[in-house]
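Participant: Okay, structure incoming, though there's no sequence with it:
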């Protein structure tokens, strides 16, 4: 009688326990997942199915796939091993853990990117004040007739003075051609100049530059009242590396910074 009671109790416990996934084979996996799913109500079934997808996708590392370290067979073996013996609650719990870890990584990466973008913006703001010491004292733009040719060539004449503390090997500018009273400039275009021998602190220089006549500079014929202004946006030192850069964030970077801050701060 006692033995019968123990057997009956064991059968009852087995019958009442949650069904588990059997991942011993593909056929067993499909059958057991279906059996587990059928025991769930509608909402929990949807949560279970989503959790199965999360677990499966978590094992797909793009770098491993591209390098061949993750073969289809290895992926299948690892997925089956991770699912074998799990109940629906365990699958859902494991998926929630994967999501939490992924969100934590994404947040850490986002905060790091926010910090880097803010460093670039701050450095640009600080550079603008110092770049004011590399002054453009005169600037002129015109189209010059070419000898033995019916085409003209664009010419930029510019004189500068370096009152920064840096010797400069290359200067970067943003040129704007605009007419008084007009809201939209005729041209806004960047240009730069590699300075032979550089320009030391306290020195002045005058340059006559000929931009590409097939580019934007060569396609514009501004009216007589147009004014050409030049802004210094970056200076490179003797080693060719930037010493002052006021360009800051691009429009795309600025938009991304705003989105990241709204989402993670």
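Facilitator: Happy to help now that I have it. Bear in mind that the values here come from a model prediction, so they are computed numbers and not experimental data.
Participant: is residue 170 in a bridge, and if so with what?
Facilitator: In this entry, residue 170 is beta-bridged to residue 194, residue 236, by DSSP bridges.
Participant: Do a quick rundown of the strands in the stretch 101-250 of the chain.
Facilitator: Along the stretch 101-250 of the chain, counting by DSSP state E, counting those that start in this stretch, strands occupy 134-145, 152-162, 168-178, 187-199, 204-209, 227-236, 242-245.
Participant: Any idea which of the ones you listed gets closest to residue 121?
Facilitator: strand 242-245 (11.3 Å; C-beta to C-beta). Where C-beta positions appear, they are placed from N, C-alpha and C, glycine not excepted.
Participant: who does the closest one touch, helix- and strand-wise?
Facilitator: Contacts defined by 3 or more C-beta pairs under 8 Å, 6 or more residues apart in numbering; DSSP states H and E place strand 242-245 against helix 88-131, strand 227-236.
Participant: 10 Å instead, please
Facilitator: Packed against strand 242-245 by the contact rule (3 or more C-beta pairs under 10 Å, 6 or more residues apart in numbering; DSSP states H and E) you find helix 88-131, strand 168-178, strand 227-236.
Participant: now the ones you listed in CSV, with mean pLDDT, distance to residue 218 and mean neighbour count?
Facilitator: Shown next, in CSV, are these (pLDDT from 0 to 100; distance: least, C-beta to C-beta, whole Å; neighbours: other C-beta atoms under 10 Å):
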stretch, mean pLDDT, distance to residue 218, mean neighbour count
helix 88-131, 92, 28, 14
strand 168-178, 96, 13, 20
strand 227-236, 95, 15, 19
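Participant: Please identify which of those is closest to residue 260.
Facilitator: Distance to residue 260, taken as C-beta to C-beta, is lowest for helix 88-131 among the helices and strands packed on strand 242-245, at 5.1 Å.
Participant: That closest one versus strand 168-178: what angle between them?
Facilitator: Using axes from the mean of the first three to the mean of the last three C-alpha atoms, to 10 degrees, the direction of helix 88-131 lies 90 degrees away from that of strand 168-178.
Participant: contacting residues for the residue nearest to residue 146 when sequence neighbours are not counted?
Facilitator: If the residues on either side of it in the chain are set aside, residue 146 comes closest to residue 153, at 5.5 Å by C-beta to C-beta, 6 or more residues apart in numbering. Counting by C-beta atoms under 10 Å, 6 or more residues apart in numbering, residue 153 touches 142-146, 210-213, 217-218.
Participant: what is residue 153 paired to in the beta sheet?
Facilitator: residue 144.
Participant: mind checking how far it is from residue 247?
Facilitator: Shown here: residue 153 relative to residue 247, a distance of 28 Å by C-beta to C-beta, to the nearest Å.
Participant: Residue 189 now?
Facilitator: Residue 189 is 14 Å from residue 247, by C-beta to C-beta.
Participant: residues touching the nearest residue to residue 245 once chain neighbours are set aside, list them.
Facilitator: Spatial nearest neighbour of residue 245, excluding adjacent residues (C-beta to C-beta, 6+ apart): residue 234 at 4.6 Å. Neighbouring residues of residue 234 by C-beta under 10 Å, 6+ apart: 124, 127, 131, 134, 168, 170-174, 190, 192, 242-247.
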